Every structure is written in structure tokens, then in C-alpha cells.
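Below are the sequence and a predicted model for it; my questions follow.
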Amino acid sequence: APDLSDELARRMTPEVRVVQRAMPAVVHIETEVVVQSGWTIFGRQERAATSSGSGVVIFEDGFVVTNYHVVKGARELRVRFDPATDERVYSATVISSVPQEDLALLKIDADGPFPTVPLGTSSDLMIAEPVIAIGNPYGQSMTVSRGIISGKHRDVQADGLRFTDLIQTDASINPGNSGGPLLNINGQLIGINTVVNRAAENMG
């Protein structure tokens, strides 16, 4: 009979270990924003709309990094973890933001401790080193994709912003992945998934 412990050990790749450690700290962010829908005889009309994205907890008292465009204009923020880890829905507040870098810092309106992802550095990235992206694309909770560092120091223009010095990866990034973590093979946060070139294949 096969030794099941050996079989399991062979399947437990570095990527699997990274995801198992990081997944509890990745959040799905849902926002409610006010949308101007035009004028009527009663004045300017507004309606509520929802959008969503991803984020990652970096400090155990509930500080979350995400993209600014995920939370821009939100009057209400809700944060959910992987239901296997935590089934509760939390409200959150935007603490600070840097719109020109498309980054925002949120605080979960609850006491921790919450699971976190350790901070790494993007200063020593190597071309072709493996990376893992986690997010919630198209409403699919906690989706993982893997790839490599395809390029460094990229300048990109998107949505009226000019980004400089970005990391390029071929890990799959889709709408809803925005704000999710890009991790190295040691499970450290090295970037936040922000934009994808829709005219290209696997160019995020």
C-alpha cells in the first residue's frame, strides 16, 4: 500500500504552503457608492451602486491594504474573510489613501487580532522568480493564480493615472483581484495587484 504521508508531502509544494498561510489574511471588499443618475423635475437624482475588490491584512489590529479605486467614493465598506476562516461581515473605514499610486489603507471596525501577511520587499525582485496572486475575481471567492516576475520598473497609463515603477507578472489578474496581494515564494507581500493590460495575455 502507498505511504499516504509521503504522497501528501510531495503535494505540499511551496506554493501550497504560501496559500495556506496567506489565505486567512486576504479579504473581499464590497463597497456602496452613490452614483449620480441625472436630473429630473425633482432635482438631481442619486442611486446606490455596489462594487467589489480584494485586500490584505498587514497588521493584526485590522489594517488592510487595497487599491484606492476599490474604495473611491464609498459611503459604506464591508469586509469579508474566507468563510472557512471567519464567517462574519465587518464594516471598515478608509484611514488614508494615495490616489496617484492607487493605494488605500482601511481599518476594520472591530478588535483583532486578525490574521496577517508578512511584509516583504520589492527592492530585490529577480526576473522569473515565482509569485502568487490571491483575490476575488468576478465574485469567485479566494481565487489563486501563480506566475513569475515578468518585468520590473514598468510605466503604465490606465484610468487617467500614470503609474511608474510597477512590477509586471504573468500571474492571472482579473477584475475583483484589484487590491489583492502579490506574494513571493516565502509568502511575503511584495506588491498589490492593480492593473491588467486587456489587449495582452497574462500581462498584469
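On my side now, so go ahead. Residues are numbered from 1 along each chain as shown.

what kind of secondary structure is Arg21 in?
Here Arg21 is recorded as helix under DSSP: H, G, I helix; E, B strand; the rest coil.

ok, now how distant is the closest residue in space to it that isn't next to it in sequence from Arg88?
Closest residue to Arg21 apart from its sequence neighbours, by Cβ to Cβ, 6 or more residues apart in numbering: Gly187 at 5.0 Å. All C-beta atoms are positioned from the backbone trio N, CA, C, and that covers glycine. Per Cβ to Cβ, to the nearest Å, Gly187 is found 24 Å from Arg88.

and the two? which has more neighbours close in?
Gly187 (20 against 9; other Cβ atoms under 10 Å).

I'd assumed Val117 was in contact with that one.
Yes - using Cβ atoms under 8 Å, Gly187 is in contact with Val117, at 7.1 Å.

got any residues that touch both of those two?
Arg21, Ala22 (Cβ atoms under 8 Å, 6 or more residues apart in numbering).

Quick one: name whatever helix or strand follows the worst-scoring helix or strand of the chain on mean pLDDT.
Within the chain, no helix or strand scores below strand 26-40, which has a mean of 81 by mean pLDDT, DSSP states H and E. Next helix or strand after strand 26-40 toward the C-terminus (DSSP states H and E): strand 43-59.

partners of that next one, with directions?
strand 26-40 (antiparallel), strand 63-66 (antiparallel) (DSSP bridges).

Would you mark the buried spots in the last one?
By neighbour count on 16 or more other Cβ atoms under 10 Å, the buried set for strand 63-66 is Phe63, Val64, Val65, Thr66.

dump the residue contacts of the first one.
Right, the one you point to is Phe63. Val57, Ile95, Leu105, Leu106, Lys107, Ile108.

Please report the distance of it from Thr116.
Taken as Cβ to Cβ, the span from Phe63 to Thr116 is 9 Å.

Cool, thanks, talk later.
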